[in-house]
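**Q** dropping the sequence and predicted coords here.
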Amino acid sequence: MSKNKLLLIDGNSVAFRAFFALHNSLSRFKNKNGLHTNAIYAFHNMFDNVMEREKPTHVLVAFDAGKTTFRHETFTEYKAGRSKTPSEFTEQMPYIRELIECLGVKHYELINYEADDIIGTLAKSVDPKEFDVIVLTGDKDLTQLADDHIRVDVTVKGVSEVESYTPSHIEEKYGLAPLQIIDMKGLAGDTSDNLPGVTGIGEKTAIKLLKEYGTVENVYQHVDEMKKSKRKENLIHDKEQALMSKELATINISAPITIQTTDLVYQGKDLDRLIPFYREMDFQSFLDKLDYPDLDIMEESLPDISYTVVDSKEDLTQGMFRPGMSFYVETLDANYHLAEIEGLCWGDEREIYVSKNPELLQNPLMIDWLQSENSQLTVYDAKSTYCLLNRQGIILKNIVFDILIGAYLLDTNDNSDDVAAIAYHYDYKTILRDEEVYGKGVKKGLPEEADSFENHLARKIGALNFLKEPLKKELTAKNQWELFWEMELPLAKVLADMEIAGIKVDSHRLEEMKVEFASRLKEIESRVYELAGEEFNLNSPKQLGVILFEKMGLPVIKKTKTGYSTAVDVLEQLKEHSPIIEEILSYRQLMKIQSTYVEGLLKVIHPTDGKVHTRYLQTLTQTGRLSSVDPNLQNIPIRLEEGRKIRQAFVPSKEGWQIFSSDYSQIELRVLAHISEDEHLRQAFIDGMDIHASTAMRVFGVETADEVTGNLRRQAKAVNFGIVYGISDYGLSQNLGISRQQAKTFIETYFDKYPGVKEYMEKAVEEAKEKGYVETLWHRRRYLPDIHARNFNVRSFAERTAINSPIQGSAADILKIAMIEMAKRLEEEKMEATMLLQVHDELVFEAPKSEIPKLEQLVKQVMEQTVTLSIPLKVDSSVGNTWYEAK
DNA sequence: CAGAAATCT
DNA sequence: TTCAAAGATTTCTGA
């Protein structure tokens, strides 16, 4: 039989270490009730680490009981003078005890004794033949316990590192035996426990004395023999203190404990308790780590919910549909343009209906209800619901609330892509996360028990019903109802239509390119291998690093966490050393075009209509921009000619049609001019000037526009970008390849010449500090908890965000408003033109050639006039037979 | 599954 | 003194 292993954890000191390990993330670790959770979280990680490392058979966490112990009877000042424990820490202690119980571990405390004494007593009382003992603590005092079967692990830093004290390690480190640690404390004292020791003796001197005399007592036996010195005087004078300090530092190994090792057998985590605990703490990452081995356990932890199962479309009756219900369509694949419908559900407080049969969507009662003007539906993700129903030929009409969008607007940080996540946030706990029910990755699928699936769907409706009122109320309270009702909800419909329309891709053109790029890649590859003198994987920065910096001996300019950096800016600097560099750069560019845009795009062309249907994520970005996935149509190449050719493959869907594109000119700087009210910036836009040239004139002191050289304009452009992003002199100097000092001067001059901008920036940071958030012109909020961070970098980032988000976000709002108006006008004008894409400041349409002049005039009017700022908005338009030509 | 590299506004 | 420009997605490698 293998030996037992007993793990003894010093609860208070490990918890305290845990608290400080994540102290600088204090603001990020808060649950929905405002409880700090950093110590709980870090304690859990420390526990997991030690369990993983040691795999003990028995575990106990010992705590100090109360404030006073037998030691205070000896020395009333024991542990006095400690700075007060932060309340952010003490509030977490009860939860740490609860966590320990949930983890299936016993904890123990004993009136009048410290955790040390409990640990010491247990460690020394077990039979060394039966047990190895590991002690985990944040306090070196416990190292005195070390012996051949007891090892003391002291946390070092972070959550994973410990220093293991064995007798031989202590010998190596101090030249002492474990028990002499106590003598050392006796002589040197211990500031954290307020042990006085002997005046003038620290760790070093104590060790020296102990090496000679062995113990405190023996030091005093021989103190008279010492030659006259200040130290001798101190030793004699402080004898009482020394002996008392030693006594206090000695761990009591015969505390009257009432537990035995048989009570401490480790049983493993108690999932029934742990899962609700994680939810309460908002520990999503720990929840994710559980493999959810048993759906039954999860379900049993929830109270029952009642619902009606509808098996076939014949079973539907009029009475099942009422205005004001919630409605939800379930798919397993996130791509709703392709996903199968796995089930649907709807209901209100009175009744919830659930079905696994998508054929219900063919029943006229159902169709009429969904298409009616007065169904007043609440949904979760309006856009996906529109698209899924559209594929069934149903035009969903009367959505009045969207839980997903509502939650996103209220707090963009709360990135919930799951009904349950939002529900938990509002303390509604009777629902499981999709991952818990369906699993994830390759194992994702419907639960084996049909009941589980139906239950889950019913719970979703329950959650939607519950959430709508509090969310609406909060949106109103935060002055965001209009943002929701007039911008985001109508936009969901516009986006759905754009996604459904899709954009036609000329696959033959892509196939041609694929062949051409493949051969060019091969050529470059072989040249690189020749120059390198061997073959390797050019796609591996790691292997490339070895070739460049070890084999070829090029100078190392920058390192990454994992090795040599081979990023563009590094390679640019190495160009002179070898022709291989240019080849590598072209390879990388071409490879990107080939894999992502040529091959990647070919893969996502819809088999029946030859189009690509992206999905715009409406509730993802922190600023209010959209993002685009599957495929991403917001980063199709344009800067370099080679990549730009990809746009030749984006063509109109009908014969005789053209691609039309309009983009805002300098929208972010215009927004900045409006928000900051800086008179010079505003005047430049009002006068219709070239903004970068205008900046160049003011910042570089040039009198007339003619004198602005290309280089000056380029530099001014970089400064303008920097301003929008929340500038730093370093960033600007990197960008322009100038000295930091020079960059600093540019920035100072800019602020001098545009004082309104400077004032805006200061105000934005101020506002963030005061309110905890910043907002756009349309009250889109972004919370910035890090604005108070002690860490310089973290705080600086939050400050730049405070400056940038209202600008980027307001620009996003403007385009969203224009899109909604544009969709409306196209319909009113009964035009065939279709809006296809949005690329942050650009809208792409397709239209019959004959409609183009009218479209051009309409788009310009809508984009420039729907929103009016204190400066004009300006759009540039272009048209062509492909997206390539339209720009 | 994270990191590094490329792409866009 | 720290360290350094805003917001995104996709592909590949290699632990």
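**A** Now that the structure is in, tell me what you want to look at. Numbering: from 1, shown residues only, chains lettered A, B, ... in the order given.
**Q** which element, helix or strand, includes residue A:561?
**A** When secondary structure is defined using DSSP states H and E, no element contains residue A:561, which sits outside every helix and strand.
**Q** how near is it to DNA strand C?
**A** In this structure, residue A:561 and DNA strand C are 11 Å apart, going by Cβ to the nearest atom of the strand, to the nearest Å. (Glycine included, C-beta is placed from N, CA and C.)
**Q** that residue: how many residues sit nearby?
**A** Here the neighbour count serves as a burial measure; for residue A:561 (other Cβ atoms under 10 Å) it reads 5.
**Q** and for residue A:391?
**A** Neighbouring residues of residue A:391 were enumerated by other Cβ under 10 Å; the total is 15.
**Q** what does residue A:29 give?
**A** Other residues near residue A:29 number 21, with proximity taken as other Cβ under 10 Å.
**Q** quick check: phi and psi on it?
**A** Taking degrees, to the nearest 10, you get phi -100, psi 90 for the backbone angles of residue A:29.
**Q** and for the one 5 residues further on?
**A** The main-chain torsion angles of residue A:34 are listed as degrees, to the nearest 10 and equal phi 90, psi 0.
**Q** so the closest residue to residue A:251 other than its chain neighbours, which of the three states?
**A** Computed as Cβ to Cβ, 6 or more residues apart in numbering, the closest residue to residue A:251 that is not its neighbour in sequence is residue A:120, at 3.8 Å. Residue A:120 carries the three-state label helix when classified by DSSP: H, G, I helix; E, B strand; the rest coil.
**Q** for the stretch 701-850 of chain A, just list every one of the strands.
**A** Assigned by DSSP state E, counting those that start in this stretch, the strands in the stretch 701-850 of chain A fall at A:773-775, A:781-783, A:834-838, A:842-848.
**Q** what's in contact with the third one?
**A** The contact list for strand A:834-838, computed with Cβ atoms under 8 Å, 6 or more residues apart in numbering, reads A:494-495, A:497-498, A:501-503, A:614, A:616, A:626, A:633-634, A:815, A:819, A:822-823, A:826, A:843-847.
**Q** which of those come close to DNA strand B?
**A** Applying Cβ under 7 Å from any atom of the strand, the subset of the contacts of strand A:834-838 adjacent to DNA strand B comprises residue A:634.
**Q** the contacts of strand A:834-838 in helices, which ones?
**A** A:494, A:495, A:497, A:498, A:501, A:815, A:819, A:822, A:823, A:826 (DSSP state H).
**Q** what separation is there between residue A:44 and DNA strand B?
**A** Look at residue A:44 and DNA strand B: by Cβ to the nearest atom of the strand, they are 17 Å apart.
**Q** follow-up on the earlier one: between the strands of the stretch 701-850 of chain A, which gets nearest to residue A:258?
**A** With distances scored as Cβ to Cβ, the stretch of the strands of the stretch 701-850 of chain A nearest to residue A:258 is strand A:781-783 (49.4 Å).
**Q** relative to that closest one, what are the paired strands and their orientations?
**A** Its sheet considered, strand A:781-783 pairs with strand A:773-775 (antiparallel) by DSSP bridges.
**Q** phi, psi of residue A:556?
**A** Recorded main-chain torsions at residue A:556 are phi -80, psi 120, according to degrees, to the nearest 10.
**Q** where in the stretch 151-300 of chain A is pLDDT low?
**A** Within the stretch 151-300 of chain A, the stretches falling below the threshold (pLDDT under 70) are A:157-160, A:288, A:291-294.
**Q** would you state the helices of it in chain order?
**A** With DSSP state H, counting those that start in this stretch applied, the stretch 151-300 of chain A shows helices at A:167-174, A:180-188, A:203-213, A:216-221, A:230-237, A:239-249, A:271-281, A:284-289, A:295-300, listed in chain order.
**Q** a markdown table for these, including distance to DNA strand C?
**A** Listed next are the helices of the stretch 151-300 of chain A as a markdown table, based on distance: least, Cβ to the nearest atom of the strand, whole Å:
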| stretch | distance to DNA strand C |
| --- | --- |
| helix A:167-174 | 28 |
| helix A:180-188 | 31 |
| helix A:203-213 | 28 |
| helix A:216-221 | 42 |
| helix A:230-237 | 38 |
| helix A:239-249 | 36 |
| helix A:271-281 | 25 |
| helix A:284-289 | 17 |
| helix A:295-300 | 28 |
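**Q** a markdown table for those, including distance to residue A:332 and mean neighbour count?
**A** Output for the helices of the stretch 151-300 of chain A, formatted as a markdown table (distance: least, Cβ to Cβ, whole Å; neighbours: other Cβ atoms under 10 Å):
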| stretch | distance to residue A:332 | mean neighbour count |
| --- | --- | --- |
| helix A:167-174 | 53 | 14 |
| helix A:180-188 | 59 | 25 |
| helix A:203-213 | 62 | 17 |
| helix A:216-221 | 70 | 17 |
| helix A:230-237 | 76 | 14 |
| helix A:239-249 | 61 | 19 |
| helix A:271-281 | 22 | 19 |
| helix A:284-289 | 18 | 15 |
| helix A:295-300 | 15 | 15 |
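**Q** and those helices as CSV, adding distance to residue A:834?
**A** Shown next, in CSV, are the helices of the stretch 151-300 of chain A (distance: least, Cβ to Cβ, whole Å):
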stretch, distance to residue A:834
helix A:167-174, 74
helix A:180-188, 79
helix A:203-213, 78
helix A:216-221, 90
helix A:230-237, 91
helix A:239-249, 81
helix A:271-281, 45
helix A:284-289, 40
helix A:295-300, 45
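**Q** out of the ones in helices among the contacts of strand A:834-838, grab the one that's most surrounded.
**A** Neighbours were tallied for each of the ones in helices among the contacts of strand A:834-838 (criterion: other Cβ under 10 Å), and the maximum of 27 neighbours falls on residue A:495.
**Q** ok, and the closest non-adjacent residue to that one?
**A** If the residues on either side of it in the chain are set aside, residue A:495 comes closest to residue A:616, at 4.9 Å by Cβ to Cβ, 6+ apart.
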